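J.: need a 3D model of the following:
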Amino acid sequence: HRYDLSNRYNYWNASYKTALNANWVLKSGLSYTSNLNDILLDANGIAEDEKGWHGKTVFEGSLTDHVELKAGTEVLHRQHDYVVAGTGVMGYDETITAAFAETDMYASNNFVTRAGVRVEHSSLQEKVSADPRLSLAYKAGTSGQVSFAYGRFRQSARNEWLRRDRGLKSEKAEHFILNYQRIDNDRTFRI
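T.: The predicted model follows:
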């Protein structure tokens, strides 16, 4: 097989951060990407074009001396087109809108809990999902820490699958992590 690839890639990014007052900070960012692949496979011309933008705004601050909050919104949009000469366009447009919040609660100098949730809407699936996250950490001695984390995460299926079937569900992962870490004399031990 004869295979040639021509790639044109563009990327743009902007971010903003400001203190709203002594306890609260606003962070936001916007990025745009464009990637066009012109492929020649044997005598078949293939054009693969993906464009997208990502916007995010986050508020971070302290509710009390023992409770910190991070909350925000996020929008991701991507358009994917795949054209094989003479067969038409396969592709999709997807917009994911999300809201998230997480809080760090300090029970003492040795114990912290982080709890959060991400609520997301996918335009392809026309579905709302909620993904919880939780972690607990305990400082063991002067240089050790024991922690447990749980979280559910999701992402859209890969382009080569979505362009054929826009009804595919998101890929999901459920994490359970038990960890011990010790940092001593510029060395890290983790199990």
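J.: looking at the protein, which helix or strand is least sure?
T.: Using mean pLDDT, DSSP states H and E, strand 3-19 stands out as the lowest-scoring helix or strand of the chain, at a mean of 81.
J.: dump it to CSV, restricted to CA.
T.: What follows is strand 3-19, C-alpha atoms only, in CSV (Å, rounded to 0.1, in the frame of the first residue of the first chain):
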residue,chain,number,x,y,z
TYR,A,3,0.4,5.9,2.1
ASP,A,4,1.1,9.7,2.2
LEU,A,5,0.0,12.1,5.0
SER,A,6,-0.1,15.9,5.0
ASN,A,7,-1.0,17.5,8.3
ARG,A,8,-2.0,21.1,9.1
TYR,A,9,-2.4,21.9,12.8
ASN,A,10,-3.4,25.1,14.5
TYR,A,11,-3.8,25.9,18.2
TRP,A,12,-4.8,29.0,20.2
ASN,A,13,-5.0,29.4,24.0
ALA,A,14,-5.9,32.2,26.4
SER,A,15,-6.3,32.3,30.1
TYR,A,16,-7.3,34.8,32.8
LYS,A,17,-6.9,34.8,36.6
THR,A,18,-8.0,37.5,39.1
ALA,A,19,-8.6,37.7,42.9
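J.: which strands and helices sit next to the helix or strand just after it?
T.: Sequence-wise, the next helix or strand downstream of strand 3-19 (DSSP states H and E) is strand 24-41. For strand 24-41, the packing partners by 3 or more C-beta pairs under 8 Å, 6 or more residues apart in numbering; DSSP states H and E come out as strand 3-19, strand 44-62. All C-beta spots, glycine's among them, are computed from the backbone N, C-alpha and C.
J.: partner strands of the host helix or strand of F100, parallel or antiparallel?
T.: Taking DSSP H and E as the criterion, F100 maps to strand 88-106. Applying DSSP bridges, strand 88-106 is found paired with strand 67-84 (antiparallel), strand 111-122 (antiparallel).
J.: out of the ones you listed, which is closest to D42?
T.: strand 67-84 (11.7 Å; C-beta to C-beta).
J.: what sits against the spatially most central residue of the chain?
T.: Against the mean C-alpha coordinate of the chain, by C-alpha atoms, centre = their mean, the closest residue is Q155 at 7.8 Å. Listed by C-beta atoms under 8 Å, 6 or more residues apart in numbering, the contact partners of Q155 are S170, E171.
J.: good, wrapping up.
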